[in-house]
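Chemist: no FASTA, just this:
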Ligand code: COA
């Protein structure tokens, strides 16, 4: 598998798996760096790194194609994002996910992130459609970060 930076032909379908707002996805693609993971010339995963405040970068979107999930690719991508952020000289990497995203919360903590805060009602305020995962309403954003 190779992970490479792309500047065009973004895998929008995959990016929308992690963030259902096409408007938000397009906005952060303009300011962030989009990396894709390729296996046998097929895009199997994607992540975006977006500089936010000074010294800080956010892992803003990460997704693995459904048929390739559960095989360790997500963990590999999160670890690669952390490595790239460190190599680029950032001192902090952040990530945010919904209160209902149990698997994602497990993944980020297994990759060294610690919970730093809760952005209350983030999803009710910013998303028009109601989001429900595993019977849990997605209303708050759990913020996680790690020092590099
Ligand atoms: N409880 C406990 N651990 C869980 C879990 C759960 N419900 N769901 C996943 N995990 C763990 C796995 O066991 C694995 O840990 P391990 O290596 O110690 O076994 C780890 O999380 C990651 O698994 P991995 O196979 O690397 O993940 P993946 O390739 O399936 O990718 C996502 C994970 C989240 C990127 C993928 O599911 C995805 O693309 N989802 C849709 C988009 C999305 O929600 N993006 C995130 C937005 S915040």
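Modeler: Everything's here; your move. Nothing here was measured: the structure is a model prediction, and the numbers come from that model. Residues are numbered from 1 along each chain as shown.

Chemist: now the strands for the chain?
Modeler: Using DSSP state E, the strands found in the chain span residues 2-6, 33-39, 42-51, 56-64, 92-98, 114-119, 132-133, 136-137, 141-147.

Chemist: near the ligand, which residues of the chain?
Modeler: Residues of the chain lying near the ligand by CB under 6 Å from any ligand atom: 17-18, 62-64, 69-75, 97, 101-104, 106-107, 110. For glycine as for every other residue, the C-beta is placed from the backbone atoms N, C-alpha and C.

Chemist: Restricted to helices, list those residues.
Modeler: Of the residues of the chain next to the ligand, the ones assigned to helices by DSSP state H are 17-18, 73-75, 102-104, 106-107, 110.

Chemist: out of these, what pair is the most spread apart?
Modeler: Pairwise distances across these (CB to CB) peak at 20.0 Å, for the pair 17 and 110.

Chemist: before we move on, back to that, give me whichever of the strands of the chain is most buried.
Modeler: Mean neighbour count (mean count of other CB atoms under 10 Å) peaks for strand 56-64 among those, with a mean of 23.

Chemist: got the strands of the chain as TSV, with distance to residue 81 and mean pLDDT columns?
Modeler: Listed next are the strands of the chain as TSV, based on distance: least, CB to CB, whole Å; pLDDT from 0 to 100:
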stretch	distance to residue 81	mean pLDDT
strand 2-6	9	97
strand 33-39	8	98
strand 42-51	5	98
strand 56-64	5	97
strand 92-98	7	97
strand 114-119	16	98
strand 132-133	22	94
strand 136-137	26	98
strand 141-147	11	98
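
Chemist: Out of the ones you listed, flag the one nearest residue 23.
Modeler: Closest approach to residue 23 among the strands of the chain (CB to CB): strand 56-64, 13.4 Å.

Chemist: ok, the residue of the chain found nearest the ligand - how many residues close by?
Modeler: Proximity to the ligand, evaluated over the chain using CB to the nearest ligand atom, is greatest for residue 74 at 2.2 Å. Residue 74: 23 surrounding residues under other CB atoms under 10 Å.
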